[in-house]
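**Q** got a structure for you, letters missing:
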């Protein structure tokens with residue numbers, strides 16, 4: 001069984017300066033809540049409008065989540081990770097959003 005390490009990021013991330021893989025509205029009562037997914041090298045970053053940035057490193061088995069004063073929203077976004085919406089074949093460098 002593989003383990004997954006979840007840590008709080010040491011500092012806030014800057015949004016990547018590249019086009020996103022996908023962007024979608026989160027389910028729930030707030031239609032402004034969105035997630036944007038980026039692939040940065042062999043890692044992924046997803047940005048939640050209400051919880052900031054999460055970095056997913058599949059090679060290391062690690063997710064970095066933002067420091068936050070709202071632990072409930074941060075945890076909800078963590079477990080709403082966009083990886084189920086991404087289809088990878090072979091190496092993680094060959095990933096595309098599922099439609």
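**A** All right, it came through fine. Predicted model only: the values in this text are computed from it and were never measured. Numbering: from 1, shown residues only.
**Q** who's in contact with residue 47?
**A** Going by CB atoms under 8 Å, 6 or more residues apart in numbering, residue 47 touches 15, 35, 36, 38, 53, 54. To be clear about C-beta, it is placed using only N, CA and C from the backbone, and glycine gets the same treatment.
**Q** one more pass at 7 Å, please.
**A** Contact partners of residue 47, counting by CB atoms under 7 Å, 6 or more residues apart in numbering, are 15, 35, 36, 53.
**Q** three-state assignment of it?
**A** Under the three-state scheme (DSSP: H, G, I helix; E, B strand; the rest coil), residue 47 adopts strand.
**Q** also residue 17?
**A** Using three-state DSSP, the structure places residue 17 in coil.
**Q** ranges for the strands of the protein?
**A** All strands of the chain, identified by DSSP state E, fall at 5-8, 22-25, 34-40, 43-48, 52-57, 62-65, 86-88, 95-97.
**Q** same for the longest one, what does it pack against?
**A** Applying 3 or more CB pairs under 7 Å, 6 or more residues apart in numbering; DSSP states H and E, we find strand 34-40 packed against strand 22-25, strand 43-48.
**Q** contacts for that strand?
**A** Strand 34-40 is contacted from outside by 16, 18, 20-26, 44-49, 82, 95, 97, using CB under 7 Å, 6+ apart.
**Q** what comes up buried for that strand?
**A** By neighbour count on 16 or more other CB atoms under 10 Å, the buried set for strand 34-40 is 35, 36, 37, 38, 39.
**Q** how far away is the fourth one from residue 31?
**A** By that I understand residue 38. The gap separating residue 38 from residue 31 is 22 Å, by CB to CB, to the nearest Å.
**Q** what is the neighbour count of residue 6?
**A** By other CB atoms under 10 Å, the residues close to residue 6 number 12.
**Q** tell me which helix or strand of the chain sits lowest on mean pLDDT?
**A** When the helices and strands of the chain are compared on mean pLDDT, DSSP states H and E, strand 86-88 comes out lowest with a mean of 48.
**Q** name the nearest residue to residue 5, ignoring sequence neighbours.
**A** residue 62 (4.5 Å; CB to CB, 6 or more residues apart in numbering).
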